[in-house]
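# the following block contains a protein sequence and its predicted model.
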Amino acid sequence: MRHFPLFRDLRGRRVIVSGGGETASAKLRLLLKTEATLVVYAADPGEDVARWASEGRLRLVRRRLEEGDALCAALVYGANDDVAEDARAAAIGRRAGALANIVDNLDASDFITPAIVDRDPLVVAIGTEGAAPVLARRVKAEIEERLSPALGVLARIGQGFRHAAEALPMGRARRRFWARYYDDAGPRALAEGGETAVAATLPRLLAESLEETTEPGRVFIVGAGPGDPELMTLKARRLLHEADVVIHDRLVPAAIIELARREATIVEVGKIPGGPSWRQEDINAAMVGHAAGGASVVRLKSGDPGVFGRLDEEMDALDAAGVDFEIVPGVTSAAAAAASIRASLTRRGRNKSFRFLTGQDVDGFAEHDWKALAAPGAAAAVYMGVRAARFLQGRLMLHGADAGTPVTAVENASRPDQKVVAAALDTLPEALAEAGVTGPAILFVGLAPRGAMAALERVEPSTLSLALAAGA
C-alpha cells in the first residue's frame, strides 16, 4: 500500500485550485461537497467556475497562482492541463507548507483524491493507487447500488446521539445497540415516520438496551480453513468480524487475521515444532480469562478444530470454568490439499475408507494398523508428516506396501506458496528433501495428482516408482 487512506478535516481550511477549465471543474465538483474555503486561480475560467464564484460557493482570482498565494492552505491542486504550470503551482504550494496534487500525475503528487461514494456523513473512499481509474469507477457504481441513500440520514441522526449512547458499556453492548439501529429500528422508523420517527426511536432503543442483562462472555472455536480466506465459512467470517478477542494459531495467515475488527485484541498463540511455544494450559487460561471479562472470544484454528486441533482439551477447560462455547467447523487441510491436486479421497473400486493420521506424535504413530494402511488401494492423509516421512516409509514397507505406492506431499495447501511433490514410497524422504518441503504439509499415501494418477494406472509396477519420482 503506497498511499495510506485517511480523511482530513477541511472545515474552514483553505484549498487552492490552480486552473479553471474542465479538469479543475471536475475536482471542484467534489471539493464543493466539503466545508473547505475554496480559492481558484485562473486567468480564463470556464463557465462552471465562474458560475460557482457568482453563487458565492468559491472565491475566484482571475490570474495565475503566484508565490505567497498558498499561505495557510491545506491542499493545492494543479489542474491547468499544462505540465509546466502545474509543476510550478505544486512547488508554490509545497513551499507554503501545503500538500500538492497534480491531476493525473501520481508520481508528482503528495496525495491522491479517491473515488467517493457520498452518503454524508457516511463516506466510502475507493483508490487504486492510480493504476485503474476505470476499476475504481466500477467499484463505486457497485457500492452506490448497495448503499441506500437513507444511510446518510440515519448516520447524521445517529451522529447526534453518540454522546447519549455512551451510557452503554464499551464493547458488545454498544455495538449491539448501533447494529439494531442501523440494521432494523432506524430504517423501519424512517420508512414509517421520517426523520422525526427516527429521532424518537433512538432514546427508546437505548432504554431497552440499558435494561438488558449484560451477556456473559462466550468462546467460539472457529476453523479458519487451510489458509485461503475465500475457503472460510460465512459464519466464521462473521464471528471473526464481531469478536472482541481473537486467539489464533501461528498457521492462520495474516490475510485472515485482517478480517477481524481493528479494535479487537489479537493474541497469537504460536506453536513452533522444536521451538518456543505457548503451553496448552496458557491458551486455555487466555480463553477463559477473556470470556470471564465478558468478551466475545474467537479461538481461531487452522483447518478444522476437530482434526488434530486439541479441541477436547480446550472444551474441557471451558466446561470446567463454566464458559459457554460453540464450535464452528472449517475446511480441513486434507480436503483442500486433495482438491488442489484434483484427487478424490474416496473412489469406488479403489478404497472404501480413508484415514486421517498425524505424524507429530511418533509414539502414537507407531500404534496404527499398518497392515491395513499398507494394503493395496488403501488411502490416508498424514498431517504434519514431513519429519516422520522416513518412519512412515519403513512401517509401510515392513508391512508389505509396494515400493511404488504413490505418496503426494502438499505444502501450504490453498495458499499462494503451495507446493506439490509427487513421489513413490521408496523415494519419499529424498523427494521431500530435494524439494525443500519444510512447512506444514499433508502427505497422501495412495494418492497422486490427477494427471499423474491417470498415467500411473497405465505404468508397469516395475517402473511405477521411477515414474512417480519424475513427477509423471
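Nice, I can see it.
# who does the strand or helix carrying residue 123 pair up with?
Using DSSP states H and E, residue 123 sits within strand 122-126. Strand 122-126 has its sheet partners listed here by DSSP bridges as strand 115-119 (antiparallel).
# so what touches the partner strand?
Strand 115-119 has contacts (Cβ atoms under 8 Å, 6 or more residues apart in numbering) with 30, 33, 123-127, 133, 136-137, 139-140, 143-144, 147, 149, 151-152, 155. Bear in mind the C-beta positions are built from the backbone N, C-alpha and C, glycine included.
# return the set of buried residues in whichever helix in the chain runs longest.
Scanning the chain for the helix with the most residues, using DSSP state H, yields helix 186-211. Applying a neighbour-count criterion of 16 or more other Cβ atoms under 10 Å, one finds 186, 187, 189, 190, 198, 201, 202, 205, 206, 209 buried in helix 186-211.
# quick one, which of those has the minimum pLDDT?
Scanning those for pLDDT, the low point is residue 209. It has 88.
# quick one: it and residue 175 touch, right?
No - using Cβ atoms under 8 Å, residue 209 is not in contact with residue 175; the gap is 10.8 Å.
# spit out the contact partners of the residue lying closest to residue 127 once chain neighbours are set aside.
What sits nearest to residue 127 in space, not counting adjacent residues and going by Cβ to Cβ, 6 or more residues apart in numbering, is residue 114, at 4.2 Å. For residue 114, the contact set (Cβ under 8 Å, 6+ apart) comprises 5, 125, 126, 127, 136.
# weed out the non-buried ones from these.
Buried among the contacts of residue 114 (16+ other Cβ under 10 Å): 126, 127, 136.
# mind listing what the first one touches?
Residue 126 is in contact with 114, 115, 116, 117, 136, 139, 140, 143, counting by Cβ under 8 Å, 6+ apart.
# which single one of these is nearest to residue 334?
residue 139 (36.2 Å; Cβ to Cβ).
# ok so the closest one is a strand residue?
No - counting by DSSP: H, G, I helix; E, B strand; the rest coil, residue 139 is not found in a strand; it is helix.
# by contact count, what packs against the helix or strand hosting residue 281?
Secondary-structure assignment from DSSP H and E places residue 281 in helix 280-292. The helices and strands touching helix 280-292, judged by 3 or more Cβ pairs under 8 Å, 6 or more residues apart in numbering; DSSP states H and E, are strand 218-223, strand 245-248, strand 296-301, helix 311-321.
# all helices for the stretch 251-400 of the chain, in order.
Using DSSP state H, counting those that start in this stretch, the helices of the stretch 251-400 of the chain run over 254-257, 280-292, 311-321, 333-340, 362-365, 370-374, 389-398.
# was I right to think residue 350 contacts residue 376?
No - in this structure residue 350 lies outside contact range of residue 376 using Cβ under 8 Å: 9.4 Å.
# neighbour count for those two, which is higher?
residue 350 (14 against 11; other Cβ atoms under 10 Å).
# what sits against that one?
Contacts of residue 350 by Cβ under 8 Å, 6+ apart are 377, 379.
# how close does it get to residue 379?
Distance, residue 350 to residue 379, using Cβ to Cβ, to the nearest Å: 7 Å.
# then residue 180?
50 Å.
# more neighbours: those two, which one.
Between residue 180 and residue 379, counted using other Cβ under 10 Å, residue 379 has the larger neighbour count: 22 against 15.
# domains of the chain?
Here the domain parsing of the chain from automatic domain parsing is 14-113, 152-211, 218-331, 337-469.
# lowest average confidence across the ones you listed, which one?
domain 337-469 has the lowest average pLDDT among these, namely a mean of 81.
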